[in-house]
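S.K.: Give me a model of this one.
(2 chains)
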Amino acid sequence: MVKGVKGDYSSMIKWYKEVYKYSRHLTQMLEIEISRALSSNDESVSKAAQANFDKVLSTISSGCYSQDVTVAQLCMKTMSAIGSDLNSNIDLLHLSHKWFENTEQGCYTFNYAYKKHQELAEEFVNCIGNFSGDGD
Amino acid sequence: MAYVLTSLLTIFYPDTVHYFNCMNNLMPYLSVKYQREMVEGNLLRLIIDKCVRYADYDPLNN
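M.R.: Next up, the predicted model:
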């Protein structure tokens, strides 16, 4: 993700375009998993679902560490769309805030991409807005 | 939004000058997309307040 496949980023770009296209579907799946876990009243199931939620967001946001500006841009665009979708569910909103405000994930990752690629200021603002709950 | 920009972001910019530089770059997009939060959400007031306090702390920062 960071250096591409021998410097070629086309597969990552293609992957991000796919994820962006189906981002709504992805958030719906997360929504189902979290609501099932919470309704099970089993603490271990809830914790596993929350850990999965963090893993999904961390995996998708890993493109922010890319040296390629297009990958980082697509990653932030995808994360912004996911952040916007997560706002519609109160449980997911709570989890996404927790992930975003973690100083080693969320905001740190977006800020890393912005520091590396200053031209991504607009995408950075969109990500912050959507994950802090002030987005569209 | 205000919390993220005025508190969370400062963790990643320990040097205040770098923080203001970052805010300066973000300002055009913030003012277009989050106009309401800037004024009604006190974001603009908080940023100006930070700048004033920074300048007051050391006359050289003016």
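
S.K.: mind checking which helix or strand the spatially most central residue of chain B is in?
M.R.: The centre of chain B sits closest to B:Ile47, judged by C-alpha atoms, centre = their mean, with a distance of 3.6 Å. For B:Ile47, the host element (DSSP states H and E) is helix B:43-57.

S.K.: Quick check, the residue nearest to the centre of chain B in contact with B:Leu5.
M.R.: Yes. Between B:Ile47 and B:Leu5 there is a contact under C-beta atoms under 8 Å: 7.5 Å. C-beta here means a position set from N, CA and C on the backbone, and glycine is covered the same way.

S.K.: intersection of neighbour lists for the two?
M.R.: Taking C-beta atoms under 8 Å, 6 or more residues apart in numbering or on different chains as the contact rule, B:Ile47 and B:Leu5 both touch B:Met23.

S.K.: Contacts for stretch A:108-116, please.
M.R.: With C-beta under 8 Å, 6+ apart as the criterion, stretch A:108-116 contacts A:58, A:61-62, A:64-67, A:72, A:75-76, A:79, A:102, A:120-121, A:123-124, A:127-128, B:9, B:12, B:22.

S.K.: Buried only: go through the residues you listed for me.
M.R.: A:61, A:64-66, A:72, A:75-76, A:79, A:120-121, A:123-124, A:127-128, B:9, B:12, B:22 (16 or more other C-beta atoms under 10 Å in any protein chain shown).

S.K.: Point out the residues in chain B that sit beside chain A.
M.R.: B:1, B:3-5, B:8-9, B:11-12, B:22, B:25-26, B:28-30, B:33-34, B:37, B:41 (C-beta under 8 Å from any C-beta of the partner chain).

S.K.: One more pass at 10 Å, please.
M.R.: B:1-5, B:7-9, B:11-13, B:18, B:21-22, B:25-30, B:32-34, B:36-37, B:41, B:43 (C-beta under 10 Å from any C-beta of the partner chain).

S.K.: Drop anything exposed from these.
M.R.: Burial by neighbour count, judged by 16+ other C-beta under 10 Å, picks out B:1-2, B:4-5, B:8-9, B:12-13, B:22, B:26, B:29-30, B:33-34, B:37, B:43 from the residues of chain B next to chain A.

S.K.: Point out the ones among those residues that are inside strands.
M.R.: Applying DSSP state E to these, no entry is found in strands.

S.K.: Where does the prediction get shaky in chain B?
M.R.: B:59-62 (pLDDT under 70).

S.K.: what is the orientation angle of the biggest helix by length in it with helix B:43-57?
M.R.: Longest among the helix segments of chain B by residue count, using DSSP state H, is helix B:16-33. Going by axes from the mean of the first three to the mean of the last three C-alpha atoms, to 10 degrees, helix B:16-33 is angled at 160 degrees with respect to helix B:43-57.
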